[in-house]
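>>> Mind folding the following:
(one chain, ligands or ions: 1)
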Amino acid sequence: MSRVLVVEDETHLAKGLRFNLEAEGHSVEVARDGETAVQLLSNGSRTPFDAVVLDVMLPGKDGFTVVRELREMRNFVPVLMLTARGRPEDVLKGFAAGADDYLPKPFELPILLARLQGLLRRREWLIQSATPEQAPASGYETFSFDGRTIDFGKLELRTDENTIQLTLMEAELLRHLIANRNKVVSRKSILENVWGLHEDTDTRAIDNFVVRLRKYIERNPAKPQHLLTVRGVGYRFVPEPVD
Ligand code: CA
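Residues are numbered from 1 along each chain as shown. Here you go, the predicted structure:
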């Protein structure tokens with residue numbers, strides 16, 4: 001059973017989500033505004049939440065602010081953001097703020113449940129892969145290149161200077177690029193393998209992730225040496241560039 005926080009001010013939608021998530025066996029709490037959500041998520045004495053379903057449009061503090069504040073507090077609970085359909089800029093804003101996945105409203109309930117399950121599974125898997133004896137043989141616990149180490153168990157990127165906390169999806173994207181290192185990885189393959197999306201989705205969200213990852217891993221993000229753009233196709237991760 002997972003503990004899920006639903007942040008939604010529309011009563012009927014919040015009730016519907018609670019009912020269906022509880023029917024799936026989750027324990028659900030509802031917050032009707034952003035302030036309450038941040039309070040519930042930052043209260044260390046309570047049982048932590050395993051995932052958050054976060055609406056963008058909220059009274060007072062909006063969803064973008066909520067997820068940004070959580071990440072600033074170093075709370076990396078998986079966040080599924082509910083955005084307004086036809087507003088791709090919301091998707092980019094959500095990812096930039098630190099959301100892990102998004103779903104445009106109005107959504108089909110089975111799709112929301114599947115996405116949430118995906119986030120919970122990945123979290124479970126990442127937590128498990130932190131324990132060596134349970135690690136899947138194909139998984140990388142840590143991966144080092146050019147003075148940087150990515151720790152997939154702790155969701156950390158360590159450099160000589162500092163340690164950067166990664167979100168779940170940043171770590172998943174890095175894992176996919178590393179597993180296919182030195183090869184071209186298409187945006188479609190990233191959408192399918194990292195996000196589990198098979199429909200036509202705006203791939204600009206991926207580019208946005210890549211911009212962030214470059215800030216973490218490149219010495220000069222404007223002139224990337226490791227995370228290269230392959231024009232018209234996708235990306236290529238090169239751990240040891242030959243110049
Ligand atoms: Ca709302």
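
>>> rest of the way, CA atoms for contacts and neighbours
OK.

>>> now the residue nearest to the spatial centre of the chain: how far from the ion?
Geometric centre of the chain, nearest residue: residue 100, 2.3 Å, by Cα atoms, centre = their mean. Note on residue 100: its distance to the ion, by Cα to the ion, to the nearest Å, is 19 Å.

>>> Same question for residue 77.
20 Å.

>>> Just the helices from the protein, written as ranges.
Remark: helices assigned in the chain by DSSP state H are 11-23, 34-42, 63-72, 88-97, 109-128, 168-179, 187-194, 204-217.

>>> Return the distance of the second one from the chain's centre.
In other words, helix 34-42. 19 Å (Cα atoms, centre = their mean, to the nearest Å).

>>> Show me which residues of that helix are buried.
By neighbour count on 16 or more other Cα atoms under 10 Å, the buried set for helix 34-42 is 34, 35, 37, 38, 40, 41, 42.

>>> Excluding chain neighbours, what is closest to the residue in the chain that the ion sits nearest to?
Per Cα to the ion, residue 57 is where the chain lies closest to the ion, at 4.3 Å. The spatially closest residue to residue 57, leaving aside those adjacent along the chain, is residue 63, at 6.4 Å (Cα to Cα, 6 or more residues apart in numbering).

>>> Who are the contact partners of residue 109?
Listed by Cα atoms under 8 Å, 6 or more residues apart in numbering, residue 109 has no contact partners.

>>> where are the low-confidence patches of this structure?
The model of the chain has pLDDT under 70 over residues 44-45, 86, 125-140, 197-202, 243.
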